[in-house]
Structure formats: C-alpha cells, structure tokens
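Asker: sharing a model that was predicted from the sequence below.
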Amino acid sequence: MAYAVGVVFFVVALLVSVMLHEFGHFLTAKHFGMKASRFFVGFGPTLWSFRRGETEYGVKAIPAGGFVKIVGMTELEEIEPGDEGRAFYRQPAGQRLVVLSAGSFVHFVLAILLLFLVIATTGDILKSEPTLTIDSVSKCLPLDPKTDKCTDRDPVAPAAGKLKAGDRIVAVDGQPVTTYDAAKSRINANPGTPITLTVVRDHRTIDVTLTPLATQQNGKTVGRIGIAPTARQKPVSVAGAVPRTFSTIGEMTVETGRALGGLPHEVSQILRGERRDTSGAASVVDIARVSGQIAQAKVSLSERIANLAAIVAQLNFFVGVFNMLPLLPLDGGHVGIVLFESGRRRLYRALGRPDPGRVDLLKIMPFTYAVVAVFVGLSLLLLYAGVVNPISIQ
C-alpha cells in the first residue's frame, strides 16, 4: 500500500509540476497581451473543456503533461485575421524571452521552495549523520575491503545473531553514549576484548556482550562488530535553511551538469546491461519506483514525506535546466534564436547595414527533427532500462 502511495505521489507531483510550467508560459503571455487560445491538461482526445473569454480550458485523455497554445509562436503558423498584432513572434524580444523562460523559472521556484521546506523541517538532504539506532547487522566481516559480500573465508561478524536492526545503543560497558561516533570509538578501541552494549529493543533495555574482531583499518588495529547505523538528515535551523537551500541548489547544478555530461556513458552502461548508478539518468518509471521504495522505507512518516519532496525538487530543478538547453524544440532553443536575432540586429545596426530580419526556421528544421529523434530514442531507451534494468535504492 505504501509503495503505491509513493508512486501515486510522484505521478501527481509530476503532472502538477508540468502544469505549473505551462501556467508560467500562459500567465506571462496573457500579461503581455499575447493570445493564449488553449490551456489543456494531458494530450490526445479531449474529454472535457470549457471556454472562458478567448481561451479554451480542458482535460485530455492521456495524463502525460499538458500544453498552452500561444498564437503565433513562429512565423510558419497560420494566424486568424485580427490576431496578427498579438502573435508571439511579433512581440518585443524582451517579452518573448520572459514568456519562453517562465516555464523553467517556475521549476526553479518550485525546487527552491520544496528544498527550503525540507531542510527547515527535517534537515539537510545532502548531509546525513549516523544515529545510535542500528540499520543492519552483517553476517560476516569481509576480508576484502572492496566488497560487502560474504565468502567462506570471511569471519562471522560478532554482532550477528546478537544485535538486530532497530536496536538503539544507549551505553557501552555501562558508560552512556549520546552519539554513534562515541559508541564507535569505544568499540574500535577494544579489539579482541569483550564489551557489553546496552540497547533498547522493543521498548525493553537489554545488555548484549560480544567481542569486537581485530581488523586493520588505515594501518591501525581496530575493533569491529559488523553493524551499520541508521542515518538521519543533519538538523538545520530555519534561519540556516535559507543559505543551505541555495548552496544545495549550487551542488545540484554541478550534479545536473555531471548527469548531462555523463549521458553517453549512461547509454553505454544500459546497452551493456551493467548495473545503473542511482545518480545517473533515469526515466519516470525509475523515479516512480524509487518513490514507492521511499514511501515504504522503515523511517518516520516525516522523513518519507521529506525524501519524496526532495525527489520532486530535484526533478523540477533538472527539468528546468534541461528545458533551457539551447536546442530546439526546447524553450532554450527558442530563447537562443531570440538572443541571436537581437544580437545580429544590433551588430548590423552598428555597421550601418539593414536589419537582416528573423532566422529562417525552415533551414534549421532538419536539425530540430534530429534533436527530437535523439530525445525520443533516449527516452525510449531509459524507459526500457527502467523495466529490465531498473534503478533501485533497496
């Protein structure tokens, strides 16, 4: 049930984000007096619609986004008599840039607001700290530091069969501990020496005696028992959440750049059937699945909601950046054309030459079709990978 709730949460959040994107275009176009003739949720056959003023609003059969129809987006479009002066392509460059950028601007605002709410209420989503609650107990202590898989040669973990996931350590050898690092340092300091951990299990306090196994770590002999702590987001004050939100946006910008630059490698991994990186390119199928897994994770409800909101924030930020890439048919491609036309016009004016006019869209249509083909192919490949080789956090 929780898994399904997580998937539905993501799908609804995605649709709302897309519609708010289109509303950004719609609102700014209306503000500048352009004609927006249609505003629809979904694609395909119309299920229901109504007209208010000059705009038709409605719902279509396929809930895969939405669209707003602004009259005269290009000179190639046929415009009804009387609407020529309100056509998009006839408006000042500055107004067209605002309308074209409004969709991505909405995504960025959504990302910032969601990140702030998450950071201010539950902590830093990119920085976590270990708690005294045990998340998992290993069956062994692998001798190979490069793997976490057990082999017949690996010794049994001292905690195996004695500690359980969910146990909360409250003392070591009778000395209370308030942080995981404090407990870990005492365990590390006692290789080969029996110690007693006091833990809370199912609302009962019990003592567990075990002997940390002596292992080599960074040239030192330390004791290990084979437990992994539950991590929680690092608490941040409301005042501290403001700068942390924007520094997180900066980190997300770097990660988005890496993700876009790593697309060729990601495609290669998919084609070779290799395990996919959780930080790599993902389809809506992958993200919906991860959302479902988060919704059923064994953490508090507030943490699950915060993690789902963080995913929506990251998705909005990525879509906002991706949409502004200078490639047609993306909004960034149209922005690039407007900027090119404006720059060329100023240059010709400075040289005393006549205005060269607008870019001939027919000449760049083959390139646009090629970009669309690449996007469609990449989307289908990611959807395929999401089914046969999915990303998982479990």
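Answerer: Received, thanks.
Asker: any idea how far residue 276 is from residue 270?
Answerer: Computed as CB to CB, to the nearest Å, the residue 276 to residue 270 distance reads 7 Å. In this view, the C-beta of every residue, glycine as well, is placed from N, C-alpha and C.
Asker: identify the contacts common to those two.
Answerer: Listed as contacting both residue 276 and residue 270 by CB atoms under 8 Å, 6 or more residues apart in numbering are 385, 389.
Asker: what about residue 135, which SS state?
Answerer: Secondary structure state of residue 135, per DSSP: H, G, I helix; E, B strand; the rest coil, is strand.
Asker: now it: how far from residue 215?
Answerer: Counting by CB to CB, the gap from residue 135 to residue 215 is 20 Å.
Asker: also residue 267?
Answerer: For residue 267, the distance to residue 215 - CB to CB - is 40 Å.
Asker: ok, the residue lying closest to residue 198 once chain neighbours are set aside - how many residues close by?
Answerer: Among residues not flanking residue 198 along the chain, residue 171 sits closest, at 3.8 Å (CB to CB, 6 or more residues apart in numbering). For residue 171, the count of nearby residues is 17 (other CB atoms under 10 Å).
Asker: assign a three-state SS to residue 171, would you?
Answerer: Strictly by three-state DSSP, residue 171 counts as strand.
Asker: next, the contact list for it, please.
Answerer: 177, 197, 198.
Asker: filter those down to just the ones in helices.
Answerer: Among those, no residue falls in helices (DSSP state H).
Asker: columns neighbour count on top of these, output as CSV?
Answerer: Output for the contacts of residue 171, formatted as CSV (neighbours: other CB atoms under 10 Å):
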residue, neighbour count
177, 18
197, 25
198, 18
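Asker: which one of the residues you listed is nearest residue 307?
Answerer: Among the contacts of residue 171, residue 177 lies closest to residue 307 (CB to CB), at 27.2 Å.
Asker: check contacts around that closest one.
Answerer: Per CB under 8 Å, 6+ apart, neighbours of residue 177: 132, 169, 170, 171, 183, 186.
Asker: again, only using 7 Å
Answerer: 132, 169, 170, 171, 183 (CB atoms under 7 Å, 6 or more residues apart in numbering).
Asker: nearest to residue 385 among these?
Answerer: residue 132 (38.5 Å).
Asker: roughly how far does the nearest residue to the closest one once chain neighbours are set aside sit from residue 106?
Answerer: Leaving aside its sequence neighbours, residue 132 sits nearest to residue 169 (CB to CB, 6+ apart; 4.6 Å). Applying CB to CB, the value for residue 169 to residue 106 is 46 Å.
Asker: restricting to C-alpha, output the helix or strand harbouring residue 265 in CSV.
Answerer: Using DSSP states H and E, residue 265 sits in helix 263-272. This file holds the C-alpha atoms of helix 263-272, laid out as CSV (Å, rounded to 0.1, in the frame of the first residue of the first chain):
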residue,chain,number,x,y,z
LEU,A,263,24.6,10.6,-20.7
PRO,A,264,26.8,8.9,-23.3
HIS,A,265,28.4,6.7,-20.6
GLU,A,266,24.9,6.0,-19.1
VAL,A,267,23.7,4.9,-22.5
SER,A,268,26.7,2.6,-22.9
GLN,A,269,26.0,1.1,-19.5
ILE,A,270,22.4,0.4,-20.4
LEU,A,271,23.3,-1.2,-23.7
ARG,A,272,25.9,-3.4,-22.0
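Asker: and it, what does it pack onto?
Answerer: helix 361-388 (3 or more CB pairs under 7 Å, 6 or more residues apart in numbering; DSSP states H and E).
Asker: so the helix it packs on versus helix 263-272, what angle?
Answerer: Using axes from the mean of the first three to the mean of the last three CA atoms, to 10 degrees, one finds that helix 361-388 and helix 263-272 are set 50 degrees apart in direction.
Asker: got the buried residues for helix 361-388?
Answerer: Neighbour-count burial for helix 361-388 flags 371, 378, 381, 382, 385, 386 (criterion: 16 or more other CB atoms under 10 Å).
Asker: stretch 250-261 too?
Answerer: So for stretch 250-261, counting by 16+ other CB under 10 Å, buried means 252, 256, 259.
Asker: from the chain's centroid, how far away is the helix or strand containing the last one?
Answerer: Assignment of secondary structure by DSSP H and E places residue 259 within helix 238-261. Relative to its chain's centre, helix 238-261 lies at 11 Å (CA atoms, centre = their mean, to the nearest Å).
Asker: other residues contacting stretch 30-42?
Answerer: By CB under 7 Å, 6+ apart, the list of residues contacting stretch 30-42 reads 19, 22, 26, 29, 54-64, 66-71, 83, 86, 88, 91, 95, 99.
Asker: can I have the buried ones of the residues you listed as a PyMOL selection?
Answerer: Buried residues within the contacts of stretch 30-42, by 16+ other CB under 10 Å, are selected in PyMOL with:
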select buried, resi 19+22+26+29+55+56+60+63+66+67+68+69+70+71+86+88+91+95+99
